[in-house]
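Enquirer: Quick check, what structure comes out for this input:
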Amino acid sequence: KGEGHVEGEKVENPDTGLYYDEYLRQVIDVLETDKHFREKLQTADIEEIKSGKLSRELDLVSHHVRTRLDELKRQEVARLRMLIKAKMDSVQDTGIDHQALLKQFEHLNHQNPDTFEPKDLDMLIKAVSTRYK
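Expert: Now for the predicted structure:
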């Protein structure tokens, strides 16, 4: 009673069940540090987000935000490569096509493992929305 949400208070979100849940949360947290992007996110409707219109706003975020997103993406690609290596080690099968395995991960552009681009945000949004149709 009388307890409301305090501004700046961290709200604990339930686990989405996605294997890239932590990456998704980190990307959102970083994007919300950019005032312009946060405002666009708050005013966007679900169709604008799903259509990729919001992803184009990524070009307008600060250099610091882009640098942090690039680092998050490199960490996620490294995590996925470790998963692939662990799977390969458990199977002990040579001739596995790494690119084919990476294509399983639809939440990022595996062809560009170094920088976070609008396409990455679009793919992340589409992967999440496909999961929750």
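
Enquirer: Where in the protein is the helix or strand with the lowest mean pLDDT?
Expert: Of all the helices and strands that make up the chain, the one with the lowest confidence by mean pLDDT, DSSP states H and E is helix 98-102; it has a mean of 60.

Enquirer: list the buried ones in the helix or strand that that helix is followed by?
Expert: Next in sequence after helix 98-102, counting helices and strands by DSSP states H and E, comes helix 118-131. Buried residues in helix 118-131, defined by neighbour count with 16 or more other Cβ atoms under 10 Å: 120-128. (Each C-beta comes from the backbone N, C-alpha and C, glycine too.)

Enquirer: Tell me how far helix 118-131 lies from the chain's centre.
Expert: 7 Å (Cα atoms, centre = their mean, to the nearest Å).

Enquirer: hmm, who's touching stretch 17-37?
Expert: Identification of contacts with stretch 17-37 by Cβ atoms under 8 Å, 6 or more residues apart in numbering yields 13, 15-16, 38, 41, 57-58, 60-62, 65, 68-69, 72, 75-76, 79, 105, 107-108, 116, 121, 124, 127-128, 131.

Enquirer: actually stretch 57-66, not the one I typed
Expert: Contacts for stretch 57-66 (Cβ under 8 Å, 6+ apart): 30-31, 33-34, 36-37, 40, 115-118, 121.
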